[in-house]
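Enquirer: Sequence below, structure please.
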Amino acid sequence: MKDPLILQFRADATEPTPAGLTLLRSRLAEAFPDRAVVLLPCGMEVAPGSQESLLEINGKLDALLTALAAEGEDGQDEPSRSLDGELVPGERDQSQSLG
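Expert: Down below sits the predicted model:
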């Protein structure tokens, strides 16, 4: 994913309505499908240096999602375990009675 697109309204701008924000978000998502879009409320600004932090966090999240996706594919072969680390039996054979 590319760098996030951060938009801020000018401090003297009128706050958009919720419907206006929804429309703006959907149009930005269509225009920039491969970028995360962040809309800051009126008067809120991005602190100096925080852009780099946001990019670093975004990169770490991408790496985590990739690792979790890979683990999900590989983890299906491993037996299930409880929080205590004990093996959890698989699904019950539906042909057997509960008693």
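Enquirer: In the chain, mark out all the helices, start to finish.
Expert: Along the chain, counting by DSSP state H, helices occupy 18-31, 50-74.
Enquirer: how about those in a markdown table, adding distance to residue 97?
Expert: Glycine gets a C-beta too; all of them are placed from N, C-alpha and C. Output for the helices of the chain, formatted as a markdown table (distance: least, Cβ to Cβ, whole Å):
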| stretch | distance to residue 97 |
| --- | --- |
| helix 18-31 | 53 |
| helix 50-74 | 34 |
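Enquirer: looking at those helices, which one has the lowest mean pLDDT?
Expert: Of all the helices of the chain, mean pLDDT reaches its minimum on helix 50-74 (a mean of 77).
Enquirer: For it, name the packing helices and strands.
Expert: Packed against helix 50-74, as judged by 3 or more Cβ pairs under 8 Å, 6 or more residues apart in numbering; DSSP states H and E, are no other helices or strands.
Enquirer: re the thing from before, turn the helices of the chain into CSV, columns for distance to residue 44 and mean neighbour count.
Expert: CSV is the format used below for the helices of the chain (distance: least, Cβ to Cβ, whole Å; neighbours: other Cβ atoms under 10 Å):
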stretch, distance to residue 44, mean neighbour count
helix 18-31, 14, 11
helix 50-74, 12, 11
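Enquirer: gap between the residue most central in space within the chain and residue 36?
Expert: Among the residues of the chain, residue 61 comes closest to the average C-alpha position under Cα atoms, centre = their mean, at 7.7 Å. Remark: distance between residue 61 and residue 36 (Cβ to Cβ, to the nearest Å) = 10 Å.
Enquirer: same question, residue 21
Expert: With Cβ to Cβ as the criterion, residue 21 and residue 36 are 16 Å apart.
Enquirer: now residue 19
Expert: In terms of Cβ to Cβ, residue 19 sits 22 Å off from residue 36.
Enquirer: Please name the nearest non-neighbouring residue to residue 45.
Expert: residue 8 (6.1 Å; Cβ to Cβ, 6 or more residues apart in numbering).
Enquirer: what sits against that neighbour?
Expert: 39-40, 44-46 (Cβ atoms under 8 Å, 6 or more residues apart in numbering).
Enquirer: quick one: which of those residues is most hemmed in?
Expert: residue 39 (15 neighbours; other Cβ atoms under 10 Å).
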